[in-house]
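Enquirer: Fold the following, please.
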Amino acid sequence: MRSRNPDTSSAVLIGLTSFTVLICFIGAFLLPESLFAAGWFRRICFGLFVAGFVLTPWLFRLAERSRIREFIAEQGGAVLEMRRLPFWKQDDWLYPRGWFWRGAKYHVRFVDLLGLEHRALFRSSFGGGIQPVEDVIIDRPPSA
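Expert: Numbers count the residues shown, from 1 in each chain. Below is the predicted model of the structure:
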């Protein structure tokens, strides 16, 4: 089983933020002013900004789902079904304090190493990793 260092995701976030700020400063101070006046350059920058704004939540969801699948696979299980709870069923949808770090909840049905079917609720976040909230065995093998 691989190590789960909680500081790794924070370090990645800090590294990406620092890289973004560095690129912005390089663009602001080293690119010629005439380049910013060009209409095509503005359209490309605006398109990249919109694409980043739209793609970021989608990429986070892909990463969260992948982490949950990996978490279950490390324990010898296989995911049968996974769906994210709607925003109004999340804990802090009305006042989203710390939504980025707290993450989203997912209903997951999976089969474990023994062949038992589970219905679980996981919280997956960029800053906090995978947190099983509840786990109920819904299929027990017949007693011998």
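
Enquirer: And the next helix or strand past the lowest-mean-pLDDT helix or strand in the chain?
Expert: The least trusted helix or strand in the chain, going by mean pLDDT, DSSP states H and E, turns out to be helix 99-102, with a mean of 58. Downstream of helix 99-102, the next assigned helix or strand under DSSP states H and E is strand 104-111.

Enquirer: Which neighbouring elements make contact with the helix or strand following that following strand?
Expert: Following strand 104-111 in sequence order, the next helix or strand is strand 117-125 (DSSP H and E). Applying 3 or more Cβ pairs under 8 Å, 6 or more residues apart in numbering; DSSP states H and E, one finds that strand 117-125 contacts helix 39-74, helix 99-102, strand 104-111, strand 129-139. All C-beta spots, glycine's among them, are computed from the backbone N, C-alpha and C.

Enquirer: Could you say which of those is packed most deeply?
Expert: The highest mean neighbour count among the helices and strands packed on strand 117-125, using mean count of other Cβ atoms under 10 Å, belongs to strand 104-111: a mean of 19.

Enquirer: hang on, the earlier thing: mind putting the helices and strands packed on strand 117-125 into JSON lines with distance to Met82?
Expert: Listed next are those as JSON lines, based on distance: least, Cβ to Cβ, whole Å:
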{"stretch": "helix 39-74", "distance to Met82": "6"}
{"stretch": "helix 99-102", "distance to Met82": "19"}
{"stretch": "strand 104-111", "distance to Met82": "5"}
{"stretch": "strand 129-139", "distance to Met82": "12"}
